[in-house]
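# Here is my input, please return the structure:
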Amino acid sequence: MNSPLQVALLGRPNTGKSSLFNRLTNTHAHIGNFPGVTVDVLTGEARLPSGECCQIHDLPGIYRLDPGPGGSADERVTIDFLRERVATGAPLVLVHVLDATQLVLHLRLTREILDQLPGQRLLLVVTQRDALERAGGFLDGEALAAAVRLPVRVVSHQDPDLISVVLEAIPKTPPTKPTPWTPEDAARAALRPPEHAASPQERSERIDRVLLHPILGPLLFVLILGATFAAVFLIADPASSFFNVLLGRLVSILRPRLGEGLLAALLLEGVLGGVGTVLAFVPQIVVLMGLLEVLEASGYLARAAFLIDRFFRVVGLSGKAFVPLLTAHACAVPAISATRVLRDPKERLATILVLPLMSCSARLPTYTLLVSAFFGGTTVHKAAVSTGLYLVGILGGLVAASVMRRTMARGKGLPLLLEMPTYKAPSWRQIQVRCGREARDFTRRAGTVILAASVLLWVLLKLPVSDDPSGQTPVIERSAAAMVGKALEPISKPIGFDWRINVGLIGAFGARELMVSTLGVIFGVENAEEEPAPLADKLREAKTSQGTPAYSTATAAALLAFFVFACQCISTLSTVYRETRSWPLTGFVFLYTYALAYLAAFLAYHGVRLFTA
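Numbering: from 1, shown residues only. From the prediction side, this is the model:
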């Protein structure tokens, strides 16, 4: 059986390769308007006009085919892929994606491909035709094809026939032949530059005079970053509160109809108490992802990396590390992979080691729950506290990076080399796609991992492991789950944690969202006879066996501090190992983040108690 035709999409970073890949393969690979979004080979399938299938590979962006010893890890991924595929002799078509608004720059890479990979089948797909024409320019595809002696397709990602145009050209692409031409001559023969309107580059330069101003630029950066994190609470909190009200009414309706059986208790206390409580935080996840998508798609992230570079140099990082650090606020797993864009291996190692300190979206449910329960006041006040948690994580990461760059990841560092993309209006369709994907992923976890964990926890809370001759101790206090949590209390008591929190922290190692679902199940079982109430109210009103409040603002502050710093994510640790190939480094991340979390929780607990006594 013949193997399918292999198609490799390659080109400089930020040319639209991933957008083209998504269109051709009908997938939703992450895209963004800054260099280094794709850091690994993405593979999908498409059907050619002949009916045959082809495999399409989206390669990380490269500036040169021979980047030298200072090349980044993602560039090496592309070069190794090309060399391995060429060496096998398997059918391969190279699709070089170019930007029409920077044609000469991109044709230099075309020239390199022809010189270093002679005889390969090479198709040029020139994107951004619409942006060039809006600026008053024009690109003659036939003239460019004649100048470079290669098949050329000039397209826009808005073209309805984009898929058919590219797929029809792929099997017709012939092997290249030696042809003498220069990028400047080829562009001169085919490109009519903008005449009457400002080009995208000129418009971007005008905006940069404000956003990259030496004084105003950093102030705007802090304002934009702070507003992004604050908006997560300000916009999504009303929606989450409304969901909690609906959840409480649903429990009130179902309880008298389902009766008092075990199955009813499992549904009300285990499923709705656990999974339902977590689902109330979907709005926060969606808002955060939408705002991050706006920052990425607009082209601002590259500017932010440039602005932050001189400050990051103090702690031994470059501005390019900012992109993985910000990406980690969505999820640390892709952020760790994104460190491949860093050319300095020591800087990359330091960045990987501190990324777990960034507050990912999985921490949001716990942040929102505790801030709502114990840091009352206006919504603006709660948003300020939530924003402070993000900033604490960032500052902690920078301090940790400074220490590591002076010890285990010591190195001189390399200068910042970063291509500034032009500003673009974010695509609302792409924002909807990303928000929808994150909401589906979160809901899928709630319906699988969190549901299974909630049911298992409910069983462990109902299963007594010791007798109570006096009949005074509730079953939940003698349950298997309680015994595990109480066994850890000698360690957790100094930071204010009881067995309930300990059980939640154990579950949160598999998925951080389990912290909220665990507390939801526990209080659902404990308060089964009471009227339904939001989990925040149950936490605030919880009592010990002596009748005193079980939790206080000090407890909440300690748990928040612990959650900020602890690497409670097995997926993150497995990704650290995948990128470093070192079990000692992976173990170091686990140990140092937990030690830092315990110290921060201890200081927060006793510090708040001191000031609130």
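# The stretch 301-450 of the chain: helices as residue ranges?
Assigned by DSSP state H, counting those that start in this stretch, the stretch 301-450 of the chain shows helices spanning 322-327, 332-338, 345-354, 364-374, 379-405, 428-447, 449-462.
# a markdown table for the ones you listed, including mean pLDDT?
A markdown table is the format used below for those (pLDDT from 0 to 100):
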| stretch | mean pLDDT |
| --- | --- |
| helix 322-327 | 87 |
| helix 332-338 | 84 |
| helix 345-354 | 93 |
| helix 364-374 | 88 |
| helix 379-405 | 91 |
| helix 428-447 | 79 |
| helix 449-462 | 77 |
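# Now tabulate those helices in a markdown table and tack on mean neighbour count and distance to Pro214.
In short, each C-beta sits where N, CA and C put it, glycine included. Converted to a markdown table, the helices of the stretch 301-450 of the chain look like this (neighbours: other C-beta atoms under 10 Å; distance: least, C-beta to C-beta, whole Å):
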| stretch | mean neighbour count | distance to Pro214 |
| --- | --- | --- |
| helix 322-327 | 25 | 18 |
| helix 332-338 | 22 | 28 |
| helix 345-354 | 24 | 24 |
| helix 364-374 | 24 | 34 |
| helix 379-405 | 19 | 21 |
| helix 428-447 | 16 | 31 |
| helix 449-462 | 20 | 47 |
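# Among those helices, single out whichever gets nearest to Glu293.
Closest approach to Glu293 among the helices of the stretch 301-450 of the chain is made by helix 428-447 (4.8 Å; C-beta to C-beta).
# Tell me which other helices or strands the closest one touches.
Packing partners of helix 428-447 (3 or more C-beta pairs under 8 Å, 6 or more residues apart in numbering; DSSP states H and E): helix 277-279, helix 282-298.
# Off-centre distance for the longest one?
Distance of helix 282-298 from its chain centroid, counting by C-alpha atoms, centre = their mean, to the nearest Å, is 10 Å.
# Using CSV, write out the CA atom coordinates for it.
The C-alpha coordinates for helix 282-298 follow below in CSV (Å, rounded to 0.1, in the frame of the first residue of the first chain):
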residue,chain,number,x,y,z
VAL,A,282,-16.8,28.1,33.4
PRO,A,283,-17.4,31.8,32.8
GLN,A,284,-14.1,32.7,34.4
ILE,A,285,-12.2,30.3,32.2
VAL,A,286,-14.0,31.6,29.0
VAL,A,287,-13.3,35.3,29.9
LEU,A,288,-9.6,34.6,30.6
MET,A,289,-9.1,32.7,27.4
GLY,A,290,-10.9,35.3,25.3
LEU,A,291,-8.8,38.2,26.7
LEU,A,292,-5.6,36.3,26.2
GLU,A,293,-6.6,35.5,22.6
VAL,A,294,-7.2,39.3,22.0
LEU,A,295,-3.7,40.1,23.3
GLU,A,296,-2.2,37.3,21.1
ALA,A,297,-4.1,38.0,17.9
SER,A,298,-3.6,41.8,18.1
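# tilt between that helix and helix 364-374?
Put simply, helix 282-298 runs at 120 degrees to helix 364-374, going by axes from the mean of the first three to the mean of the last three C-alpha atoms, to 10 degrees.
# average pLDDT for helix 282-298?
The average of the pLDDT scores along helix 282-298 is 83.
# got it, and stretch 89-99?
91.
# cool, and stretch 253-262?
In the prediction, stretch 253-262 has an average pLDDT of 74.
# Quick one: end-to-end length of it, please.
17 Å (C-alpha to C-alpha, to the nearest Å).
# List the contacts of that stretch.
264, 267-268, 272, 532 (C-beta atoms under 8 Å, 6 or more residues apart in numbering).
# got the residues you listed as a markdown table, with distance to Val380 and secondary structure columns?
Shown next, in a markdown table, are the contacts of stretch 253-262 (distance: C-beta to C-beta, whole Å; DSSP: H, G, I helix; E, B strand; the rest coil):
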| residue | distance to Val380 | secondary structure |
| --- | --- | --- |
| Ala264 | 41 | helix |
| Leu267 | 38 | helix |
| Leu268 | 35 | helix |
| Leu272 | 31 | helix |
| Pro532 | 28 | coil |
